[in-house]
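>>> With the sequence up front, the predicted model follows.
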Amino acid sequence: MHIAVTGNIGSGKTTLTTMLSKHYGWEAQFEDVDHNPYLDDFYGDMSKWSFALQIYFLGSRFRQVKEIRESGKNVIQDRTIYEDAHIFAENLAEMNLLAERDFNNYLSVFNLMKDFVSAPDLLIYLRADIPTLVKQIAKRGRDYEAGISIDYLSKLNNKYSNWIENYKEGKLLIIDVDDLDFVEKPEDFGYILERIDAELNGLF
């Protein structure tokens with residue numbers, strides 16, 4: 001079984017992925033942030049490094065999905081291959097930070113890969129407003145995220161809303177996290193588990 005957690009920067013994806021992995025005994029697959037050779041450069045000069053960053057993420061995510069399907073294990077994944085194209089690359093192109101020919105080149109690779117990938121059995125979307133995202137980003141204090149603008153986060157949030165609204169790849173669970181603190185409050189984590197269990201019962 002393949003579960004994926006999706007949401008904007010700072011929505012709590014990695015934290016929830018870790019907690020769900022421990023609770024259910026699923027193997028966790030995380031986004032390659034710590035070893036990504038382009039992130040620091042990207043946030044310093046987005047237009048220069050956007051194509052290299054997106055290609056790196058695309059390759060990394062494709063490798064993950066391949067490993068998930070070949071493992072035969074129950075896996076929970078932090079972010080999906082779809083977001084790379086429909087959210088981040090598309091947004092960079094619209095902001096003129098990714099040249100049109102680079103975006104078209106990227107999309108041709110993505111569409112080729114998509115034919116070899118299966119959608120998650122369940123996609124969990126963590127929906128959060130901008131103040132929540134800003135607070136979470138500040139709390140974790142990553143240097144390369146310090147320069148992320150409100151405008152950039154807002155554009156990404158709009159992209160996520162549109163993508164989720166039209167998501168038809170598989171089962172979808174939307175969780176509003178603005179009023180939840182699933183790390184500090186067991187009852188909030190319990191609420192999320194109840195929502196997930198209800199969905200999982202339809203998968204087996």
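Nice, I can see it. Just so we're clear, the structure is a prediction, and the values are computed from it rather than from any experiment.
>>> chain center to stretch 28-48: distance?
Distance, stretch centre to chain centre, for stretch 28-48: 14 Å (Cα atoms, centre = their mean, to the nearest Å).
>>> This protein: helices as residue ranges?
For the chain, the helices defined by DSSP state H cover 13-24, 39-44, 46-71, 81-83, 90-94, 100-114, 130-140, 150-165, 186-200.
>>> out of those, nearest to F30?
Closest of those to F30 is helix 13-24, at 6.3 Å (criterion: Cβ to Cβ). Just so you know, the C-beta spots here come from the backbone N, C-alpha and C atoms, and that holds for glycine as well.
>>> pLDDT averaged over that closest one, what's the number?
Helix 13-24 carries an average pLDDT of 95.
>>> hang on, the earlier thing: could you dump the helices of the chain into a markdown table and include distance to L123 and mean neighbour count?
Supplementary listing: the helices of the chain in a markdown table, determined by distance: least, Cβ to Cβ, whole Å; neighbours: other Cβ atoms under 10 Å:
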| stretch | distance to L123 | mean neighbour count |
| --- | --- | --- |
| helix 13-24 | 12 | 18 |
| helix 39-44 | 24 | 16 |
| helix 46-71 | 13 | 17 |
| helix 81-83 | 9 | 21 |
| helix 90-94 | 18 | 19 |
| helix 100-114 | 15 | 14 |
| helix 130-140 | 19 | 15 |
| helix 150-165 | 9 | 15 |
| helix 186-200 | 10 | 14 |
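>>> what stretches of the chain score poorly on pLDDT?
Across the chain, residues meeting the criterion (pLDDT under 70) sit at 32-34, 141, 143-147, 203-204.
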